[in-house]
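Structure for the following, please:
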Amino acid sequence: MKCGTYTEIHEWLCSHLSVRAANILHNRNIVTAQQLVRLTETEMATWKNCGRKTREEISAFAEMWDMRLAQLGVK
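Numbers count the residues shown, from 1 in each chain. Okay, here's the model as predicted:
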C-alpha cells in the first residue's frame, strides 16, 4: 500500500472494503499491508462493531495481501 494522507488511505480502503470495515481498520490505525496481515480473528473479535461478517471481509482482504507480500518477497 502506498504512503499517503489519512484521506488517501481511507479512500483506498473504502474502494476495496465496506465502509464499516475500512472505518474499523482506520480507528485501529491499521494502515499498512504488514499491519493488516498480522491481524488475528481473536483480536478483531474484541473490536467494537466488528461482527462476524466484517471479520470475514477483513480476513479475506488480509489473505489477499499476505499472498501479494509473499510474491514480492516482503514477508
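
What's the local residue count around the nearest residue to Cys14 once chain neighbours are set aside?
Using Cβ to Cβ, 6 or more residues apart in numbering and skipping residues adjacent in sequence, the residue nearest Cys14 is Ala22, 4.6 Å away. Backbone N, C-alpha and C define where each C-beta goes, glycine included. Look at Ala22: counted by other Cβ atoms under 10 Å, it has 22 neighbours.

List the buried residues of the helix or strand where Ala22 lies.
Ala22 belongs to helix 19-27 when assigned by DSSP states H and E. For helix 19-27, the neighbour count (16 or more other Cβ atoms under 10 Å) marks 21-25 as buried.

got a list of what the residue nearest to Cys14 touches?
10, 13-14, 16 (Cβ atoms under 8 Å, 6 or more residues apart in numbering).

Could you list which residues are in contact with the residue nearest the centre of the chain?
By Cα atoms, centre = their mean, the chain has its centre lying nearest to Leu36, at 4.6 Å. When contacts are counted by Cβ under 8 Å, 6+ apart, Leu36 touches 25, 30, 58, 61-62, 65.

mean confidence score for the host helix or strand of it?
Using DSSP H and E, Leu36 maps to helix 33-37. Per-region confidence: helix 33-37 scores 87 on mean pLDDT.

Please pull up the helix or strand immediately following it.
helix 41-45.

If we go by neighbour counts, what in the helix or strand following that next one is buried?
Using DSSP H and E, the helix or strand that follows helix 41-45 in sequence is helix 52-72. Within helix 52-72, the residues scored as buried using 16+ other Cβ under 10 Å are 54-55, 57-58, 61-62, 65-66.
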